[in-house]
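**Q** Based on what follows, work out the 3D shape:
(chains A and B)
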Amino acid sequence: DAGVTQSPTHLIKTRGQQVTLRCSPKSGHDTVSWYQQALGQGPQFIFQYYEEEERQRGNFPDRFSGHQFPNYSSELNVNALLLGDSALYLCASSLGGQGFGQPQHFGDGTRLSIL
Amino acid sequence: GENVEQHPSTLSVQEGDSAVIKCTYSDSASNYFPWYKQELGKRPQLIIDIRSNVGEKKDQRIAVTLNKTAKHFSLHITETQPEDSAVYFCAACLYNFNKFYFGSGTKLNVKP
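**A** Modelled structure (predicted):
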């Protein structure tokens, strides 16, 4: 049973460029959440996708956007990269639906470095 | 929005001792509280969770307690082992939104 997979594992970009990160959820999961984890900090919620729509969003600017495909995989896009965007980007998948929170399972992340 | 505070930021214990990590949250609507363990360079892994209709949950050497009135919850690890060394994160999930807010982490070092 495949867990959450993310690609690429590492990425180096320069300021002003754009980047796309990819995530495949754990088998049976239909909801994907994206997090930014700066060094020495806890993950910060970026947004969540369910049924191909952005369902929840954290305090991140519009430069951060995403997409979910019919097979539940997801992309995170960041435009006009800033030095402060350097971080580990984590994808987590879970089962959708309302009510109590559902356990989230994380991928290994993409380490993004901005020069 | 929700704010989760976690203490201590670092914790060093002798092998076999107990370790306690505490978190507080601000939004009384939060109803699900997971704990994650993250080893260096690896993904966060869910180790235990608790929902707001339960006051305590235990899984072998790990237990979590929740005080809804005081809005705090704690992770207890007994008989610590060197392999317990890692960074531990608490999180609070806002009711009906499946939106997680994480604490800043506790680096646990278990000395042999």
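**Q** got the residues of chain B near chain A?
**A** B:1, B:4, B:6, B:31-32, B:34, B:36, B:42-46, B:49, B:51, B:89, B:91, B:93-105 (C-beta under 8 Å from any C-beta of the partner chain). C-beta: built from backbone N, CA, C; applies to glycine.
**Q** nearest residue to A:Y89 other than its sequence neighbours?
**A** Ranked by C-beta to C-beta, 6 or more residues apart in numbering or on different chains and with sequence neighbours excluded, the top spatial neighbour of A:Y89 is A:T110, at 4.8 Å.
**Q** ditto for B:S52
**A** B:N31 (4.1 Å).
**Q** do A:I114 as well
**A** A:S86 (4.7 Å).
**Q** and the one you found, what are its phi and psi?
**A** phi -60, psi 120 (degrees, to the nearest 10).
**Q** Does it touch A:S113 like I think?
**A** Yes. With contacts counted by C-beta atoms under 8 Å, A:S86 reaches A:S113, the gap being 5.3 Å.
**Q** tell me, what's touching the two both at once?
**A** The overlap between the contact sets of A:S86 and A:S113 (C-beta atoms under 8 Å, 6 or more residues apart in numbering or on different chains) is empty.
**Q** quick one, which of the two is more surrounded?
**A** A:S86 (17 against 13; other C-beta atoms under 10 Å in any protein chain shown).
**Q** List the buried residues of the worst-scoring helix or strand of chain A on mean pLDDT.
**A** Least confident helix or strand of chain A, by mean pLDDT, DSSP states H and E, is strand A:53-57 with a mean of 89. For strand A:53-57, the neighbour count (16 or more other C-beta atoms under 10 Å in any protein chain shown) marks A:55-56 as buried.
**Q** And stretch A:5-22, by the same measure?
**A** Residues of stretch A:5-22 classed as buried by neighbour count (16+ other C-beta under 10 Å): A:6, A:13, A:19, A:21-22.
**Q** just stretch B:10-24 next, same as before
**A** B:11, B:13, B:19-24.
**Q** show me what contacts the residue positioned nearest the centre of chain A?
**A** In chain A, the centroid-proximal residue (C-alpha atoms, centre = their mean) is A:W34; its distance is 2.8 Å. Contacts for A:W34 were tallied using C-beta under 8 Å, 6+ apart; they are A:23, A:45-48, A:66, A:74, A:76, A:89-92.
**Q** With A:G42 instead?
**A** Neighbour list for A:G42: B:4, B:6, B:89, B:91, B:102-105 [criterion: C-beta under 8 Å, 6+ apart].
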